[in-house]
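Engineer: The following comprises the amino acid sequence and a computationally predicted model.
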Amino acid sequence: MNDRYDAGAAGYGADQYELVGYDEFGQPVYRQVQAQQTQQQSYDPYAQQHQQGYGYDPYATGGQQQPPAYDYGAGQQQPAAPYGYDPYASGPHQDGRPQGAAHDPYGQAPARVAEQTDRQTAHIPQQAGPAAEEQDTDPEQADREYHTEQFAFVEEPDDNSEDVIDWLKFTENRTERREEARRRARSRIVALAVVLALAAAGGVGYLWYAGKLPGLSSDDSATGTATAAGAQKRDVIVVHLHDTKGDGTATALLVDNTTTQRGTTVLLPNSLALSSDDGTTTTLAKSVEDDGSDGTRDALDAVLGTDIQGTWRLDTPYLQNLVDLVGTIDVDTNADVPDPAAKNEGEAPLVNKGRDRTLSGKMAVAYATYRAPGESQNAQLERFGQVMQGVLRKMSSDPGAATTTIQTLAQILDPSLTDKDLGTFLARLSDLAKGGDYRTDLLPVQSDGTLSAQTGAGIVRNVLGGTAKSPDKDAAVSVFVQNATGVEDNTEKARVVLLNGGFTFLEGGTAGARSTSKVVYADAADKTNATEVAKTLGLPESSVAQGRISASADVAVVLGQDYEPASG
């Protein structure tokens, strides 16, 4: 127990340690005998490091020193039991540890240090031979002698670097998300623009197809809507107004376009050239009188390329009853119409000219059949169209009620048209007229009664959906006849004579009375035909002359007062 150990030979100077016993693990425990350690005079390159506290505990707070392992003297602190090898120690440490005594950074007692892993076994100073002393005193050799027990290589991540990386990743991801959002927004805008463009184009196309574009009427374009118009579905009825007192007729087509939801009244002039049953050319007025409803309907289909479903013969008494049944009509009248039953010429007119004139049945008939002196038949025809549209606006839009109105008239209809069919048809047109989708058009006819190409492309194609085809001019010599005799019946007598002679008759209306007749041809090749026409009419050959013909006919005739119709 009182053995002493001289550590001077081991390089510890004059320090001596005395064996005082053994710890619980059987390791010898020494105590320092000399009261004061002396510092090694030799140069120690690591002395400064030792002086700065080689055993500094980074986890200690407040800069406090670690408690001593054992206390063997009055206020004298002893180092903990040495363990491990300190390659940097070159002499006794200033904290009282001998050379080779490792510092415990956690301030553990030797007994607790021994409880750690087997690699951390406490060592005591041993007698060192020359080799050991040389090894301890050689810094270069010490630098080369490292033991893994002395170090713990822990690769700790740098929090700052991780934060930077995370920030870069966040910034990059946010930038990518923004770019992706911009790309998606641009894609949506482009897609929306395409959809809007297609919708606009489709809407315009439908309006164009339906003929509802502003500025486009039924005769606006010669080719723009021809194909589309031909594919549309239409219901067509022809109506003939018979003046039982004036012995005249007026004809119109009532058109219901079920595709475009539009209605139209197409007024047909009496001078419209038609082909009769025997192949000769006649006028619409003569066809209605001579060929009846069936023959006239077939002739109109052939000339206009339409498909007329039925014929409605409307005599003036039935028109008067119809207006009274619907409860008067409102018309913008364009003329003062005298009362046909008036006895004195100075009596007030039955219909006054003006806007929104309310017409009773009697007034409507008088206005629809009125033709002022010197007016063409087209003027009277347009008045009839006004009355028809006024009736449609006042007709019930209910098919059942409209059918009841037709049945109340008690008129005898054409077999091709029943009361129910006519009532349903008029109810549809009434709905269109009340909604503003109804109009009235006059079919333009040339002076010879034929249709021009523009006319065919306008009303015939767009409204009727047909193709204009006037009678073949080569079938017979066409003769345009204007009555200037002052006798109205002379026109009909001349027509019968010419038709019997194999000519095509074209009615030219009436003109102011003149004394002599005239037969004119335009081309020299038609001189013979003109001479033959004069002979057929009983006119002298001297009346034949070459000149200008306004009508598109081969020969033009003006009947004067010298014309004497054939008797019988």
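Structural biologist: In hand now; what should we look at?
Engineer: contacting residues around stretch 232-244?
Structural biologist: 249-260, 288, 293, 296-297, 300, 306-317, 319, 368-369, 384, 388, 417, 422, 425, 428, 464-465 (CB atoms under 8 Å, 6 or more residues apart in numbering). (C-beta placed from N, C-alpha, C; glycine too.)
Engineer: out of these, which are inside helices?
Structural biologist: Among the contacts of stretch 232-244, the ones falling in helices (DSSP state H) are 288, 293, 296-297, 300, 316-317, 319, 368, 384, 388, 422, 425, 428.
Engineer: which of the contacts of stretch 232-244 are buried?
Structural biologist: Buried subset of these (neighbour count, 16 or more other CB atoms under 10 Å): 249-257, 260, 288, 293, 296-297, 300, 306, 308-316, 319, 368-369, 384, 388, 417, 422, 425, 428, 464-465.
Engineer: Pull out the buried positions in stretch 503-518.
Structural biologist: For stretch 503-518, a neighbour-count test (16+ other CB under 10 Å) marks 503-508, 510, 517-518 as buried.
Engineer: and which of those is nearest Leu325?
Structural biologist: Nearest to Leu325 out of the buried residues of stretch 503-518 is Glu507 (CB to CB; 35.4 Å).
Engineer: close enough to count as contact, the closest one and Ser271?
Structural biologist: Yes. Under the criterion of CB atoms under 8 Å, Glu507 makes contact with Ser271 at 5.4 Å.
Engineer: intersection of neighbour lists for those two?
Structural biologist: What both Glu507 and Ser271 touch, as defined by CB under 8 Å, 6+ apart, is the set 283, 285, 449.
Engineer: Adding distance to Ile329, secondary structure and neighbour count, write the residues you listed out as CSV.
Structural biologist: Below are those laid out as CSV (distance: CB to CB, whole Å; DSSP: H, G, I helix; E, B strand; the rest coil; neighbours: other CB atoms under 10 Å):
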residue, distance to Ile329, secondary structure, neighbour count
Thr283, 30, strand, 21
Ala285, 26, helix, 21
Gly449, 32, coil, 29
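Engineer: pretty sure Ser543 contacts Val520?
Structural biologist: No. Contact criterion CB under 8 Å: Ser543 and Val520 do not qualify, at 9.2 Å.
Engineer: what residue ranges in the stretch 301-450 of the chain are flagged as low confidence?
Structural biologist: Applying pLDDT under 70 to the stretch 301-450 of the chain flags residues 448.
Engineer: Contacts for stretch 397-408, please.
Structural biologist: Against stretch 397-408 from outside (CB under 8 Å, 6+ apart): 321-322, 325-326, 395-396, 419-420, 422-424, 426-428, 430-431, 434.
Engineer: Taking the residues you listed, please make a ChimeraX selection of just the buried ones.
Structural biologist: The ChimeraX command for the buried members of the contacts of stretch 397-408 (criterion: 16+ other CB under 10 Å) is given here:
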select :321,322,325,326,395,396,419,422,423,424,426,427,428,430,431
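Engineer: Quick one: residues contacting Arg548.
Structural biologist: If a contact means CB under 8 Å, 6+ apart, then Arg548 has 520, 522 as its contacts.
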